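S.K.: what follows is a predicted structure for the sequence shown.
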Number of protein chains: 4
Amino acid sequence: MTHKIAILGASGYTGAELIRLLAGHPAYEIVALGAYSKAGQRLAEVFPHLRHLNLPELVSFDQIDFDKIDLCFCALPHKTSQEVIRDLPKHLKIVDLSADFRLRDPDAYTQWYGNAHGAVEMQGEAVYGLTEFYRDEIAKARLVAGTGCNAATGQFALRPLIEAGVIDLDEIIMDLKCGVSGAGRSLKENLLHAELSEGYNAYAVGGTHRHLGEFDQEFSKLAGRDVKVQFTPHLMPVNRGILATVYVKGDAQEIHATFADAYADEPFLQVLPFGETPSTHHVRGSNFCHIGVTGDRIAGRAIVVAVLDNLTKGSSGQALQNANLMLGEEETSGLMGVPVFP
Amino acid sequence: MTHKIAILGASGYTGAELIRLLAGHPAYEIVALGAYSKAGQRLAEVFPHLRHLNLPELVSFDQIDFDKIDLCFCALPHKTSQEVIRDLPKHLKIVDLSADFRLRDPDAYTQWYGNAHGAVEMQGEAVYGLTEFYRDEIAKARLVAGTGCNAATGQFALRPLIEAGVIDLDEIIMDLKCGVSGAGRSLKENLLHAELSEGYNAYAVGGTHRHLGEFDQEFSKLAGRDVKVQFTPHLMPVNRGILATVYVKGDAQEIHATFADAYADEPFLQVLPFGETPSTHHVRGSNFCHIGVTGDRIAGRAIVVAVLDNLTKGSSGQALQNANLMLGEEETSGLMGVPVFP
Amino acid sequence: MTHKIAILGASGYTGAELIRLLAGHPAYEIVALGAYSKAGQRLAEVFPHLRHLNLPELVSFDQIDFDKIDLCFCALPHKTSQEVIRDLPKHLKIVDLSADFRLRDPDAYTQWYGNAHGAVEMQGEAVYGLTEFYRDEIAKARLVAGTGCNAATGQFALRPLIEAGVIDLDEIIMDLKCGVSGAGRSLKENLLHAELSEGYNAYAVGGTHRHLGEFDQEFSKLAGRDVKVQFTPHLMPVNRGILATVYVKGDAQEIHATFADAYADEPFLQVLPFGETPSTHHVRGSNFCHIGVTGDRIAGRAIVVAVLDNLTKGSSGQALQNANLMLGEEETSGLMGVPVFP
Amino acid sequence: MTHKIAILGASGYTGAELIRLLAGHPAYEIVALGAYSKAGQRLAEVFPHLRHLNLPELVSFDQIDFDKIDLCFCALPHKTSQEVIRDLPKHLKIVDLSADFRLRDPDAYTQWYGNAHGAVEMQGEAVYGLTEFYRDEIAKARLVAGTGCNAATGQFALRPLIEAGVIDLDEIIMDLKCGVSGAGRSLKENLLHAELSEGYNAYAVGGTHRHLGEFDQEFSKLAGRDVKVQFTPHLMPVNRGILATVYVKGDAQEIHATFADAYADEPFLQVLPFGETPSTHHVRGSNFCHIGVTGDRIAGRAIVVAVLDNLTKGSSGQALQNANLMLGEEETSGLMGVPVFP
């Protein structure tokens, strides 16, 4: 059976990545591609790397007949997304890639995003889309909220440890390095090649990055108490990749064993042998996440390093993984592509 | 039916690219991975991006039982390759990715490569592996010689024009720009990141690059007379990609029409609308080749630009395309992966 | 004696490069920095790499007292530049880095730039700023028009050959590769890191690039007849650098000797030994231009390769070199900084 | 007065950077360039970016007449350096850029570097070359040991805080990101462009990086007690730059004030306004170090970020700064070059 798919926001990077992944999927057919300013353009103009695909041109959202669609991916900016999704037909399954339905608490949403939520009632309905930890709810959900790409990385590096109680919850420091495609295709001076290449910098220092809303929600829920991590993202001169270096207090061997156990059956979460360190080079263009654990010379401390591709496992790959569950397909279908190296 | 595959030279970049492509192929099983200095290592050590694949460790060639193998890819350095292939069992189908069997004329081989050929008798038997132009021979061949990556690009940009007689054969200039993975994984000072990134340069200037041997052979054969192109490669600070800018004398519209006609049914060769120009960004990690034609302000001149990924369409993807033909599989099988952008 | 300097357009890349070079110059003092949208900002905000310099904040042009200024650099977009310069006081020496006063013929200007010129009377007065070839006129000029960065590179690679009559004037092909800072600090999608890095492409193919107006004017004037070159620029994923590969018909040794002779006393134009090829890596951040000549395997053809840094020798370094002449300083003053490698 | 200078190890990156800086210095003359495997080559072959300089060719060390030399820079690998320096004439002033004389304690040296020291007696004589903190000793020293580039960055970010007692000495975590030129010009697989570009990874995780020996020595000495920091370096796909993100416990405003006070008169150490964050882009090619302090959302924590260019302030620029002191020149002479951006 072929499921009919629409993508809203097809002219951005996560939209393009969805198309790339869906093109290789045996059970899905893309029937509509929605966009704003680029509506009316052929896909080959907007993304020449997709020119060989026989896909519809970009249209505005009101030109799409949602009755013929089984599942809609929304790859829109936050705030826009909630307004669009609020008005979509209620029969439609939706995977939202924006930040709009990640937080259950409307106040937390307003605190981190600065505006009142335009679809408060749907915030409760939405399921948090970190597949490996919400499989059953996702399979039954109508609306799934894709996680932040940094938030996904950080959670893969910490959830089993928090759940197992093997680290000090008050002393977690996450130093994260993210590629530039995570910032999207928007025209900002700091995203220009001449500004970004050959150098790097921290940003949102001091606990102001919005993905902290997800960490706070998820880690506190897991621990049954308030957990606040310290989090500093850095902008890297590469297009794809996130590497989170997480400093924790606990026994390194126990931490490694906890991961090995928790992820033993996970197809995408690869735990490296103790003492080995992963690299973003080795997950590029794929849905895999590599995780390494090392002890420190200071007793009782450990370093967890997790890497993934922000556009794939951190965003569009995760979205497809969730859609597979929602539509009754094999979870890994269309997602086993090998990383591209070099 | 599953064909049993061996790869000799699995620790280099074309070896890794073969594994990446074969991992997604429904009809092939990799049963042996051969290497020299890295024999004895696990694949996850040599190429951590392949760690999730359940593949054999690297072994030396004499540990491989070739009786159980249907087809062998040889991704070895030139000169080594001829010596290894000479001694392989005669039942074995072979796709060679080296330069060793590309030239039919032993003297031409010696001229360009500087040594006498060690398997002269097999030079005659080998079929030149530019799939789109040698399909029938390849399907029946036992030994196929993969083309040079630059040579493939240049031929996609010129063969139909030479065959159709629409350009001046004495006035062809090819200015080519190649990514660094084309030089392999060898430890050379000019391939270090600090030497190469942020800059670029011409090399082998003046008609000394070895891929000219292939151009001479193929273009002269096509034209039925001696054809010598002028060819200058440049080393680019990127990992993947070849762009050939070819300056020809002829009618630009006729040239475009010639390509459109010749490549109308080719799944991987995409001819852009007249006046559009392709980019290496849009073929990365894929088996596609994009070709654009533009007229010049000087009447009677045209510029042909062709792009492809040197590791895929220029090497390992081409090899798999040939193997598909040799083993009776669909030619495009395992090769329709969408380019990775950004 | 200290000359008082103003820079209009200090918030762009050529403005920043001027400040970098002037900061190390013993005889100049920057007394005013003019900008449009960034007027009112501190220099440390606009260019944090200049934060240690004790310089005035950016102001709008009408806040500048030009009576106290000896020389003004205009690093503004074309069309804007002519309107601003038209209204500047007539005592003021001006080095314009825009395209506005490069072409002597108003019709040629309109043809290439699409608008009527707003200061036609000054087009005649302006001196073309290719220092090595217009020294005497520049020393006496009030208004000097800096050349295009591509135009400078191409002229260094061709002027002595055209003047000496050692090449075929109807068969010149220039394939040029330019770093991204040449496109300025403007917010365009194709200049984003994610769009540009890891790939490259030709643009303005077929003889439509505006710097051809300069080539036509200068080469025809030199030759005493119409000369039209074929010119294809390519956008490279690096910030700084231009490499022009020029295909000519002539005797390679004679061509090399012509350069060696013509540039024997030039401090910035370095002619490499015959057969050696320059690289953009080796001129980065400097005012040097390296030039190499190689013969081709096809008799009677040669390849000239010239490299320079588009922001320095191609633009702001050239501007300072001209200002030195106009103000009676040593021509090389402030410009002998060694290239930055790696 | 002109001081005569020799450089041993002129064919490596720190050697080239010394030549770049010395070429612009009014009081120094390079009279000898020593190398091992590249002895006998012209400088233009080894470093084409230096081709315009009128400098001697590379020679083996025994061809150098050290009697005519005032100061010798040793830019050799560690272990080699101690053996060479041991045998140099005793009148010679020496700035060593290797690791060999950084540690006062022979046992600490052996612990971190794995071999017994070959010039133990000189370990006591050498002065640690972190200019801003050892000025008086350096001015009087015969042998100065340049610091590790990471070690310099980390100390600029921590010394005033440790000295002033404003942070918790048991809870210091330094997450550092370093460009590839810090690894030198050696032929290693992980330094190849194809392996390194477009990605990044942690290395020497868990407290095994050798620069920890310097941190331990210096911080413990400053504090008057044992201080052990947690330190994780990461390899970045850029040529130049170090960024240290340091997580400390203390009052952020007090920390900022401590830096502002300590570095108020330092020409190269630029303290940013509170809450601003530096970037490696803005110190490239220069001797400047930018330092930013931000508070965290978790009370009582702060983040210090320090950036510098590993080849300049982290190595060869520091070496020249020390040489200036040793030879009675102005400390900043030849070092005020403005960072190269973009």
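M.R.: It's in.
S.K.: buried stuff in the helix or strand of chain A with the lowest mean pLDDT?
M.R.: Sorting the helices and strands of chain A by mean pLDDT, DSSP states H and E puts helix A:120-125 at the bottom, at a mean of 90. Neighbour counts over helix A:120-125 (16 or more other Cβ atoms under 10 Å in any protein chain shown) mark A:122-123 as buried. For every residue, glycine as well, the C-beta is placed using N, CA and C.
S.K.: which residues does A:Ala262 contact?
M.R.: Residues near A:Ala262 by Cβ atoms under 8 Å, 6 or more residues apart in numbering or on different chains: A:159-160, A:163-164.
S.K.: what distance do you get for the residue of the stretch 201-342 of chain A found nearest chain C to C:Pro237?
M.R.: Using Cβ to the nearest Cβ, the closest approach of the stretch 201-342 of chain A to chain C is made by A:Asn239 at 4.9 Å. Counting by Cβ to Cβ, to the nearest Å, the gap from A:Asn239 to C:Pro237 is 11 Å.
S.K.: now A:Leu158
M.R.: Distance, A:Leu158 to C:Pro237, by Cβ to Cβ: 35 Å.
S.K.: again with A:Ser279
M.R.: For A:Ser279, the distance to C:Pro237 - Cβ to Cβ - is 21 Å.
S.K.: cool, A:Val304 as well?
M.R.: Per Cβ to Cβ, A:Val304 is found 33 Å from C:Pro237.
S.K.: what sits against the residue of the stretch 201-342 of chain A closest to chain C?
M.R.: A:179-181, B:342, C:193-194, C:197-198, D:198.
S.K.: ok, A:Leu88 next?
M.R.: Residues near A:Leu88 by Cβ under 8 Å, 6+ apart: A:66, A:72, A:94.
S.K.: now do the SS call for the residue in the stretch 1-150 of chain A positioned nearest to chain B.
M.R.: Of all residues in the stretch 1-150 of chain A, A:His49 sits closest to chain B, at 3.8 Å by Cβ to the nearest Cβ. At A:His49, secondary structure determined by DSSP: H, G, I helix; E, B strand; the rest coil is helix.
S.K.: wait, it touches B:Val283, no?
M.R.: Yes: the pair formed by A:His49 and B:Val283 meets the contact definition of Cβ atoms under 8 Å, at 7.0 Å.
S.K.: the two: which is more packed in?
M.R.: Taking other Cβ atoms under 10 Å in any protein chain shown, A:His49 and B:Val283 do not tie; B:Val283 has more neighbours (32 against 25).
S.K.: list the contacts of the more buried one.
M.R.: B:Val283 neighbours (Cβ under 8 Å, 6+ apart): A:49, B:241, B:289-290, B:307-309, B:312-313, B:339.
S.K.: what pLDDT does A:Met1 get?
M.R.: Looking at A:Met1, its pLDDT reads 74.
S.K.: got it, and the one 4 residues further on?
M.R.: With respect to pLDDT, A:Ile5 scores 98.
S.K.: so which residues of the stretch 101-250 of chain A form helices?
M.R.: A:106-113, A:120-125, A:131-140, A:149-156, A:159-164, A:193-196, A:212-223 (DSSP state H, counting those that start in this stretch).
S.K.: and chain D, which of those helices is closest to it?
M.R.: helix A:193-196 (3.8 Å).
S.K.: follow-up on the earlier one: and for A:His49 and B:Val283, which residues touch both?
M.R.: Listed contacts common to A:His49 and B:Val283 are B:Pro339; contacts here mean Cβ under 8 Å, 6+ apart.
S.K.: list only buried entries from the contacts of A:Leu88.
M.R.: Buried by 16+ other Cβ under 10 Å: A:72, A:94, out of the contacts of A:Leu88.
S.K.: need the contacts of A:Leu88 in a markdown table with pLDDT and secondary structure, can you?
M.R.: Converted to a markdown table, the contacts of A:Leu88 look like this (pLDDT from 0 to 100; DSSP: H, G, I helix; E, B strand; the rest coil):
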| residue | pLDDT | secondary structure |
| --- | --- | --- |
| A:Phe66 | 97 | helix |
| A:Cys72 | 98 | strand |
| A:Ile94 | 98 | strand |
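S.K.: JSON lines for the contacts of A:Leu88, including distance to chain B?
M.R.: Shown next, in JSON lines, are the contacts of A:Leu88 (distance: Cβ to the nearest Cβ, whole Å):
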{"residue": "A:Phe66", "distance to chain B": "26"}
{"residue": "A:Cys72", "distance to chain B": "21"}
{"residue": "A:Ile94", "distance to chain B": "24"}
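S.K.: name the residues of chain A found near chain B, please.
M.R.: Contacts of chain A with chain B, taken as Cβ under 8 Å from any Cβ of the partner chain, map to A:13, A:16, A:19-20, A:23-24, A:47-53, A:181, A:197-198, A:239-240, A:267, A:270, A:272, A:278-279, A:281-286, A:288, A:290, A:311, A:336-342.
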